[in-house]
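Asks: need the 3D shape of this:
(chains A, B, C and D)
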2 protein chains.
Amino acid sequence: MRRITLDDVANLAGVSPITVSRVLRKPDAVSPGLRLRVDAAVKELGYVPNIAASRLASSRTHAIGVIVPTLYNVIFAEYLFALHEVLVAAGFQVIVVNSRYSEIEEENAIKALLGQRVEAIIIAGTHHTPLSRQLLAQARLPVVETFELSPNPIDLNIGMSQEHAGQTATQHLIERGFRRIAFLTGNLDHRAQSRFDGYRLAMQEAELPNLEIIAERPRHSYVALGSDLFAMTHERGDVPEAIFCTDDNLALGAMQECRKRGIRVPDDISIIGFHDLEFAACAAPSLSSIATRRFETGKLAAERVLAALNSSVVSRAEQIDLGFALIPRESTAI
Amino acid sequence: MRRITLDDVANLAGVSPITVSRVLRKPDAVSPGLRLRVDAAVKELGYVPNIAASRLASSRTHAIGVIVPTLYNVIFAEYLFALHEVLVAAGFQVIVVNSRYSEIEEENAIKALLGQRVEAIIIAGTHHTPLSRQLLAQARLPVVETFELSPNPIDLNIGMSQEHAGQTATQHLIERGFRRIAFLTGNLDHRAQSRFDGYRLAMQEAELPNLEIIAERPRHSYVALGSDLFAMTHERGDVPEAIFCTDDNLALGAMQECRKRGIRVPDDISIIGFHDLEFAACAAPSLSSIATRRFETGKLAAERVLAALNSSVVSRAEQIDLGFALIPRESTAI
DNA sequence: AACATAGTTGACAGCGCTGTCAAATCGTAT
DNA sequence: ATACGATTTGACAGCGCTGTCAACTATGTT
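Replies: Reported below is the predicted structural model:
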């Protein structure tokens, strides 16, 4: 059983193949009479155009590559959601690849996307292997690095200072009068690492000692990990006055573990999270956090890519700082 | 600046194009000497094969289409994660499309995937438009419907009885001696609808009246929605003895709102969720739930697809019930 | 009636790769 | 030295579509 092709449709409709192609792509360029005949033939045969052939012939793929470290985190889900909304509406296919937090896998993902001849690449993070950077730079297509600010952007860079945000969260706790302030995190990806840098900077400025609560090995289950890490700390007997968690999920887990152990938040301990996930505001007590702009990041990245593809002007490297906001709530109230 | 092609590599290496192609696809079929020359040329030119051309020529795409209703829900993130792990490891590209809970968009997604000549389609849900069913059936490729059990599977069907699970959750509350049991949900997709059916069945069997707490319009923010819906109910003054929430996120939101309002869980009200998300066990109080098997669903769907693609035997429609498990915890303890 | 114009339609070649099969090369047995 | 099979390499055509440009048709203008 052969697959139906453009020629089959053309034969049935009694027109040339190119006319069928036009009916499908720019119907306005074809007279209504032929258009109807062709549409009928398409329907009758159940014809579905072969996109690979179309891509090869036109050398346009209408595909945009997106690389994220994981599919398993709301942060990236929100970001992908925004990217999809903009790009799919503009007629592009979004090809999502996850690098599983590995720079090697990211490099392979870049190769795979370039092989697909994507028209642009949107990549989370600013740390790549040298070959990755080279491939992206040589590819002569719009590249957007997101979520962080790069000292050396490949092309466009839309993000925020993770370090400054970490510093701000820590300073908030310092201003509240706490001295024994811990930093709690699961695995240290580059973004968490930068927040940690910010924490240490703030602590150093205030001449306070660091207190780290870091998971031995990276784990996926974030809320439960927050609970476990806090439980561990509590059992060691050195509970801090305040904790800055790299993630609201960890913060939620820590808060829940506090309640189980009869430790009151914020009376006995203050907790601040990161990202301002949707549950932060309605948690009990409500969770202080650093609001980050995942939707805006995705939306803006997508819009900039579309703009770059529509203008033939090759844009110079540019950096956009979307900032962040400290959201103080009950969990750090005095 | 022309793109580098296979011919360019062949010229530089002093071999025929087909040899380059072989070095890239089945290196064992080429002598080591030539292989080295070709590899060097590939590296020197930074050659990246054009996948569209490869797909067209070989009529194999090594792509598998996956349709989910949303990218914005942990359930599907876990499922996609499992699908990716298996399929990417086997050398396939996973093309994810979201239908945004719309059967029309799902139909378009199916057309797009068929246009890509994906080798199989894995689709969440069992409710499709007639045309969708027709396209999938005609396409002569492996199709897996997931998450629900279909009375009429297109091909393979891997899921669980949402209705039975809903009934089980409700019966758990009935057995605890509650009479005024509410069903709380955001938007009624097919799966939530089926759980609702199960709830009504259980209530009817026990000769109890239905109590519905349903959002006026669908919203994404699940935890906050649980809070809002509970707050609304509380303010109306008719707080039930127990609530079955279609989702653990909603349950968490409801529990948090209870605490704010001084209503104790489980002393004043019992709450059971659905899916047994990772935070359920460490919530305070820990949350009773129905455990569902998202990873297994994705893993099994992927494995079955690979098996179907490797065996030329056309498999008959088959249905696999992965089941579910009631996990009673503190939130429904007596 | 002759001509210019815009609007439709089609012929042709080629996008970059791979399946198929034939040709060349090699090692080994006779 | 010859023949044989096994291995390695290459020639050719074609996958299904679209860009380009030429040819044709209908319409309006002088």
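
Asks: if I pick residue A:78, what's in contact with it?
Replies: A:294, A:295, A:298, B:72 (CB atoms under 8 Å, 6 or more residues apart in numbering or on different chains). The C-beta positions use only the backbone N, C-alpha and C, and glycine is treated the same way.

Asks: most neighbours out of these, which is it?
Replies: Neighbour tally across the contacts of residue A:78 (other CB atoms under 10 Å in any protein chain shown): the maximum, 26 neighbours, falls on residue A:298.

Asks: for the helix or strand harbouring that one, which positions count as buried?
Replies: Element membership of residue A:298 [criterion: DSSP states H and E] is helix A:294-310. Across helix A:294-310, burial judged by 16 or more other CB atoms under 10 Å in any protein chain shown covers A:294, A:297, A:298, A:299, A:300, A:301, A:302, A:304, A:305, A:306, A:308, A:309.

Asks: output these as a markdown table; include the columns pLDDT and distance to residue B:39.
Replies: Output for the buried residues of helix A:294-310, formatted as a markdown table (pLDDT from 0 to 100; distance: CB to CB, whole Å):
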| residue | pLDDT | distance to residue B:39 |
| --- | --- | --- |
| A:294 | 97 | 41 |
| A:297 | 98 | 39 |
| A:298 | 98 | 38 |
| A:299 | 98 | 42 |
| A:300 | 97 | 40 |
| A:301 | 97 | 35 |
| A:302 | 97 | 37 |
| A:304 | 95 | 37 |
| A:305 | 95 | 33 |
| A:306 | 94 | 38 |
| A:308 | 91 | 34 |
| A:309 | 91 | 33 |
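
Asks: only C-alpha atoms, please: export whichever strand or helix holds residue A:167 in PDB.
Replies: Following DSSP H and E, the helix or strand that holds residue A:167 is helix A:162-175. Extracted as PDB, the C-alpha positions of helix A:162-175 are listed here (Å, rounded to 0.1, in the frame of the first residue of the first chain):
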ATOM      1  CA  GLN A 162      20.700  34.500  40.200                       C
ATOM      2  CA  GLU A 163      23.500  35.700  42.500                       C
ATOM      3  CA  HIS A 164      21.900  39.000  43.200                       C
ATOM      4  CA  ALA A 165      18.600  37.300  43.900                       C
ATOM      5  CA  GLY A 166      20.300  34.900  46.300                       C
ATOM      6  CA  GLN A 167      22.000  37.800  48.000                       C
ATOM      7  CA  THR A 168      18.600  39.700  48.300                       C
ATOM      8  CA  ALA A 169      16.900  36.700  49.900                       C
ATOM      9  CA  THR A 170      19.700  36.300  52.400                       C
ATOM     10  CA  GLN A 171      19.800  40.100  53.200                       C
ATOM     11  CA  HIS A 172      16.100  39.900  53.900                       C
ATOM     12  CA  LEU A 173      16.800  37.300  56.600                       C
ATOM     13  CA  ILE A 174      19.700  39.300  57.900                       C
ATOM     14  CA  GLU A 175      17.600  42.500  58.100                       C
END
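
Asks: the helix holding residue A:298 and chain B, any residue contact?
Replies: No - under the criterion of CB under 8 Å from any CB of the partner chain, helix A:294-310 makes no contact with chain B; the nearest approach is 10.9 Å.

Asks: is that helix anywhere near DNA strand D?
Replies: No - using CB under 7 Å from any atom of the strand, helix A:294-310 stays clear of DNA strand D, coming no nearer than 14.6 Å.

Asks: quick check: what element follows that helix along the chain?
Replies: Following helix A:294-310 toward the C-terminus (DSSP H and E): strand A:318-321.

Asks: show me where the stretch 51-200 of chain A has strands.
Replies: Counting by DSSP state E, counting those that start in this stretch, the stretch 51-200 of chain A forms strands over residues A:63-68, A:93-98, A:120-124, A:143-146, A:156-159, A:181-185, given from the N-terminal end onward.

Asks: these into a markdown table, with extra columns for distance to residue A:14?
Replies: As requested, those are arranged in a markdown table below (distance: least, CB to CB, whole Å):
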| stretch | distance to residue A:14 |
| --- | --- |
| strand A:63-68 | 34 |
| strand A:93-98 | 33 |
| strand A:120-124 | 41 |
| strand A:143-146 | 47 |
| strand A:156-159 | 49 |
| strand A:181-185 | 68 |
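
Asks: who's in contact with the spatially most central residue of chain A?
Replies: Averaging the C-alpha coordinates of chain A gives a centre point, and the residue nearest to it by CA atoms, centre = their mean is residue A:76 (3.8 Å). Under the criterion of CB under 8 Å, 6+ apart, the contact partners of residue A:76 comprise A:68, A:69, A:70, A:124, A:294.

Asks: quick one: stretch A:84-94 to chain centroid distance?
Replies: 16 Å (CA atoms, centre = their mean, to the nearest Å).

Asks: other SSEs contacting the helix or strand of chain A with the lowest mean pLDDT?
Replies: Lowest mean confidence among the helices and strands of chain A (mean pLDDT, DSSP states H and E): strand A:212-214, at a mean of 84. When contacts are defined as 3 or more CB pairs under 8 Å, 6 or more residues apart in numbering or on different chains; DSSP states H and E, strand A:212-214 sits against strand A:181-185, helix A:222-236.

Asks: nearest to residue B:289 among the strands of the stretch 51-200 of chain A would be which one?
Replies: Minimum separation from residue B:289 across the strands of the stretch 51-200 of chain A (CB to CB) falls at strand A:181-185, 26.0 Å.

Asks: any idea of the angle that closest one forms with helix A:222-236?
Replies: With axes from the mean of the first three to the mean of the last three CA atoms, to 10 degrees as the basis, strand A:181-185 and helix A:222-236 are set at 140 degrees to each other.

Asks: and the contacts of strand A:181-185?
Replies: The contact list for strand A:181-185 (CB under 8 Å, 6+ apart) reads A:170, A:173-174, A:192, A:195-196, A:199-200, A:203, A:208, A:210-215, A:226, A:229-230, A:233, A:240-247, A:250-251, A:254.

Asks: let me see the contact set for the spatially closest residue to residue A:90 that is not a sequence neighbour.
Replies: Excluding the flanking residues, the one nearest residue A:90 by CB to CB, 6 or more residues apart in numbering or on different chains is residue A:306, at 5.5 Å. The neighbourhood of residue A:306, defined by CB under 8 Å, 6+ apart, consists of A:86, A:87, A:90, A:92.

Asks: could you count how many residues lie near residue A:4?
Replies: When counting by other CB under 10 Å, one arrives at 18 neighbours for residue A:4.

Asks: that one: what secondary structure?
Replies: For residue A:4, the secondary-structure state derived from DSSP: H, G, I helix; E, B strand; the rest coil is coil.

Asks: distance of it relative to DNA strand C?
Replies: The span separating residue A:4 from DNA strand C equals 18 Å under the rule CB to the nearest atom of the strand, to the nearest Å.

Asks: what residues does chain A have near DNA strand C?
Replies: Within reach of DNA strand C by CB under 7 Å from any atom of the strand, chain A has these residues: A:15-19, A:22, A:29-31, A:33-34, A:53, A:56-57, A:59.

Asks: farthest pair in the residues you listed?
Replies: Set against one another by CB to CB, these have their most distant pair in A:33 and A:59, with a gap of 31.8 Å.

Asks: want to throw the strands of the stretch 51-200 of chain A into TSV with mean neighbour count, distance to residue B:182 and mean pLDDT?
Replies: Converted to TSV, these look like this (neighbours: other CB atoms under 10 Å in any protein chain shown; distance: least, CB to CB, whole Å; pLDDT from 0 to 100):
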stretch	mean neighbour count	distance to residue B:182	mean pLDDT
strand A:63-68	26	38	97
strand A:93-98	22	38	93
strand A:120-124	27	41	97
strand A:143-146	26	42	97
strand A:156-159	24	44	97
strand A:181-185	25	37	95
